[in-house]
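[1] Below: sequence and its predicted model.
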Amino acid sequence: MGHHWLIVIDAYSKYPCIHATNSTSTKTTTQLLEEDFSHFGYPHAIVSDNATTFSSQEFKVWCHERGMVHLTGAPYHPATNGAAERLVQTFKRFLKKSRKSPKEALQEFLMQYRRSPLASGYSPSELLNNRQTRTKIDTLSPSPAHEAQERQAREATKSQAKELQSMVHNVHRHYQVGTPCYALYCGPRRTSEPRWVPATVIKVHGSRSANVKVHPRGPIWRRHLKQLRPRYGVDEDNDPGMDLRDYLRSPSQTSPQSDTDVEQTKTSDQLVYQNLPPHYGPENPRRFTRIRKRKAMWDC
């Protein structure tokens, strides 16, 4: 199917590892073997055929540096490496019958082969990892091994929780919808000027995060429980908020009659908003207060 396949199998558990590659050089082969050995460790011995990849001096040095004994069989006698040869035959039959792409077919083959019972009654995954590989069919009918693993995980979690409670007294705060709180501001200048903004919880996501609405006219943030602090509610929390420009304008200034009234309105708005703290939302973007100097013009 347009690929070279490197097939590796464990002699004890018959656990397979298969890689698709476009090169059969020694360097590429050792890189793929290093990928497998990073999961399971270096073996004591390797048995291979007499291909030039495995008979090169580079491969011998690679095995010697890692303390592995490299064994090869007699020419024209593939039964010496019978486990690998049998896996080659099984894998080829599966690829021919599968209607999926080579990559998807390889993943399905490894998943099913690693969990299929051998003559001993145990699968390669159970012999090598001491547990059965979990697949999609186990979600419909869990096996006794998976049920036992789930019980062990629950018991381990309970024991760890008891140890933590006996060592450290943790304070857990629970926020509900409508609870007043302080939310951590994570906008511009958050590192130089950290601040806690008054807000109210409007939605709770599980047990770790919640949506809060900033007062008085702020946006809605999502914060972790560690980014919230308790706060006593006040009557101003029920106030929906008002634009200060509408509040400061008098009825006569709402519809100015002359250019002087318009300039007075703009001036009052600018003075008011210069003394206000920064608002938290896209409708009121942050502006720099630094006065920009004009560039000096040089006559040449």
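    Looks like it came in fine.

[2] ok, and for the longest strand seen in the chain, which residues are buried?
    Counting residues, the longest strand found in the chain (DSSP state E) is strand 196-205. Within strand 196-205, the residues scored as buried using 16 or more other C-beta atoms under 10 Å are 197-201, 204. The C-beta positions use only the backbone N, C-alpha and C, and glycine is treated the same way.

[3] List the contacts of that strand.
    For strand 196-205, the surrounding residues in contact (C-beta atoms under 8 Å, 6 or more residues apart in numbering) are 175-185, 210-215, 218, 220-222, 228-229, 231, 237, 280.

[4] Swap in 6 Å and give it another go.
    175, 177, 179-183, 185, 210-215, 237 (C-beta atoms under 6 Å, 6 or more residues apart in numbering).

[5] would you list every one of the helices in the stretch 101-250 of the chain?
    102-115, 124-129, 144-167, 244-248 (DSSP state H, counting those that start in this stretch).

[6] among the contacts of strand 196-205, which are in strands?
    Per DSSP E, strands hold the following members of those: 180-183, 210-214.

[7] With pLDDT and distance to Y15 added, can I get the buried residues of strand 196-205 in TSV?
    TSV is the format used below for those (pLDDT from 0 to 100; distance: C-beta to C-beta, whole Å):
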residue	pLDDT	distance to Y15
V197	88	55
P198	90	59
A199	91	54
T200	91	56
V201	92	51
V204	91	45
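
[8] which of those residues lies closest to K136?
    Distance to K136, by C-beta to C-beta, is smallest for V204 among those, at 32.4 Å.

[9] what is the closest one paired to in the beta sheet?
    On the basis of DSSP bridges, V204 is bridged to A210.

[10] Report the secondary structure state of N50.
    The three-state assignment at N50 reads coil, by DSSP: H, G, I helix; E, B strand; the rest coil.

[11] Poorly predicted segments of this structure, please.
    Applying pLDDT under 70 to the chain flags residues 142-143, 146, 163-172, 193-194, 235-300.

[12] what do you get if the cut-off is 80, keeping everything else the same?
    For the chain, applying pLDDT under 80 flags the ranges 76, 138-150, 157-174, 188-194, 207, 216-217, 233-300.

[13] How is it divided into domains?
    Using automatic domain parsing, the domain ranges for the chain come out as 4-133, 138-170, 173-242.

[14] picking up where we left off before, for the ones in strands among the contacts of strand 196-205, which one is nearest I9?
    Checking the ones in strands among the contacts of strand 196-205 against I9 with C-beta to C-beta, the nearest one is A210 at 51.5 Å.

[15] what's the closest non-adjacent residue to A105?
    In space, and not counting its chain neighbours, A105 is closest to S98: 4.0 Å by C-beta to C-beta, 6 or more residues apart in numbering.

[16] okay, now that neighbour: neighbour count?
    Per other C-beta atoms under 10 Å, the neighbour tally for S98 reads 14.

[17] distance of it from M1?
    Distance, S98 to M1, using C-beta to C-beta, to the nearest Å: 10 Å.

[18] Also K103?
    For K103, the distance to M1 - C-beta to C-beta - is 10 Å.

[19] State the phi and psi torsions of L6.
    The phi/psi pair for L6 (degrees, to the nearest 10) reads phi -100, psi 120.

[20] Got the phi and psi for the spatially closest residue to it that is not a sequence neighbour?
    Of all residues not flanking L6 in the chain, H19 sits nearest, at 4.5 Å (C-beta to C-beta, 6+ apart). With angles defined as degrees, to the nearest 10, H19 sits at phi -130, psi 140.

[21] Give me the neighbour count for the residue lying closest to P117 once chain neighbours are set aside.
    In this structure, P117 finds its nearest non-sequential neighbour in S123, 5.3 Å apart by C-beta to C-beta, 6+ apart. Residue crowding around S123 was assessed by other C-beta under 10 Å; the count is 22.
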